[in-house]
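Visitor: Fold the following for me, if possible:
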Amino acid sequence: MELTYRKFPKIYRLEQEEANAKHNGVNSLLDKNRSGSSYVATEKIDGANSCIEVLKKDGKIDFAIYSHRQRLSEDNTLRGFYEYAQEVLIPKLMEFYKNIAEAHDYLYGEWLVSHRVEYQQKMYNHWYFFSFYDDLFGHEYDFFERVVFADRVGLKSPNVVSMGNNILTREDIQTMVGRSMITKEPDHGEGIVIECDGVRAKVVSDKFKETRKQKKTQPSQTESEKFIDETVTEARITKMIEKFKDENLLPDIIDFEHFGDIARPLANALWEDVIEEEGSNAPELFDTKKARKRLNKIIPKYVREFIENEMMNV
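Guide: From the prediction side, this is the model:
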């Protein structure tokens, strides 16, 4: 065993999770709920996705701290998370694991720094633990196992919005979306994550939806171009720019001389994100060349606005 990053599995939109389940011939989250499985809905926190890896063998314990993409260090801290983990979280974990003979665990959470949602000031610069994977046994902890672990270690977790064994309706779910006790204005949250029998799916508030249906297709527009227009939205682009800020992927100086240094990697990241999250909804005869060309035409407007805003705030 050695320290090796494990990327957190993608949590899909509820509609996309249903489509994926149907395609794979398995029960969706709502199918499992209708069959009698209980659910838990927790607040989806708009922070920086991060991970702590714990490896203990032969009496020695090691830790690695990661962002969504890479291992962190003193030179790349994920806006202070590296220091927070070293000073606050790892001492707690050292105490917990001292009587455990062997372990290889991954703890995932959201490091709450300023993004799109405005939270109460006291909520920032804390880590909210939401997932635990035991690599020795190939076991993903369920909600109740995570509650016990978080309580023993002393970790914060996202608030529970609703839980029960009743059958969820679309109307039930919509009443939960956005509910929050930690936002600056009550109930202005990003959305919820629903968990049922090992399956997770997210539902976000309208303001943060990363897809949109076009009311009318332009006469000359291909289905592949329409797919890009419906998936490369302002919400998705803003989310990706925030990730770039978190992970120190932007140039040190934000100005128009560095336009291409921002636009090119942003376009690549958005393309990967769209294909991963929405690829199963792409048209049957998907024209990659035309789709990528359309994405490249959308990006400059948002990069220009981002640079202007950053230069005004200097």
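
Visitor: which stretches of the stretch 151-300 of the chain have low pLDDT?
Guide: 215-219 (pLDDT under 70).

Visitor: in it, which spans are strands?
Guide: Here the stretch 151-300 of the chain has its strands, by DSSP state E, counting those that start in this stretch, at 160-164, 191-196, 199-204.

Visitor: winner for burial among these?
Guide: Highest mean neighbour count among those (mean count of other Cβ atoms under 10 Å): strand 191-196, with a mean of 25. Bear in mind the C-beta positions are built from the backbone N, C-alpha and C, glycine included.

Visitor: Which residues does that one contact?
Guide: Contacts with strand 191-196, where a contact means Cβ atoms under 8 Å, 6 or more residues apart in numbering, come from 11, 14, 29-30, 32-33, 37-44, 130, 142-143, 158, 161, 168, 173, 176-179, 200-205, 208.

Visitor: returning to that earlier point: quick one: which of the strands of the stretch 151-300 of the chain is nearest Lys290?
Guide: When the strands of the stretch 151-300 of the chain are compared by Cβ to Cβ, strand 199-204 sits nearest Lys290, at 28.4 Å.

Visitor: which strands and helices sit next to that closest one?
Guide: Other elements packing on strand 199-204 under the criterion 3 or more Cβ pairs under 8 Å, 6 or more residues apart in numbering; DSSP states H and E are helix 14-24, helix 29-34, helix 170-176, strand 191-196.

Visitor: Select, out of the ones you listed, the one closest to Lys122.
Guide: Of all those, strand 191-196 sits nearest to Lys122, with 21.7 Å by Cβ to Cβ.

Visitor: Compute the distance between Lys289 and Glu272, please.
Guide: For Lys289, the distance to Glu272 (Cβ to Cβ, to the nearest Å) stands at 17 Å.

Visitor: Just want to know which of the two has more residues nearby.
Guide: Neighbour totals were compared for Lys289 and Glu272, and Glu272 leads with 11 against 8 (other Cβ atoms under 10 Å).

Visitor: how close does that one sit to Ser224?
Guide: From Glu272 to Ser224 the distance is 17 Å (Cβ to Cβ).

Visitor: Could you pull up the residues touching Ser35?
Guide: Residues near Ser35 by Cβ under 8 Å, 6+ apart: Asn27.

Visitor: so where do the helices sit in the stretch 101-250 of the chain?
Guide: For the stretch 101-250 of the chain, the helices defined by DSSP state H, counting those that start in this stretch cover 143-153, 170-176, 223-231, 234-246.

Visitor: got the buried residues for the shortest one?
Guide: Applying a neighbour-count criterion of 16 or more other Cβ atoms under 10 Å, one finds 173, 176 buried in helix 170-176.

Visitor: So that it lines up with my notes, have the first residue be 375 from now on.
Guide: Yes, from this point I'll number from 375; that puts the last item at helix 544-550.

Visitor: about what we covered before: buried among the contacts of strand 565-570? Make that a ChimeraX selection.
Guide: The following ChimeraX line selects those of the contacts of strand 565-570 that are buried, judged by 16+ other Cβ under 10 Å:
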select :385,388,403,404,406,407,413,414,415,416,417,418,504,517,532,535,542,547,550,551,552,553,574,575,576,577,578,579,582
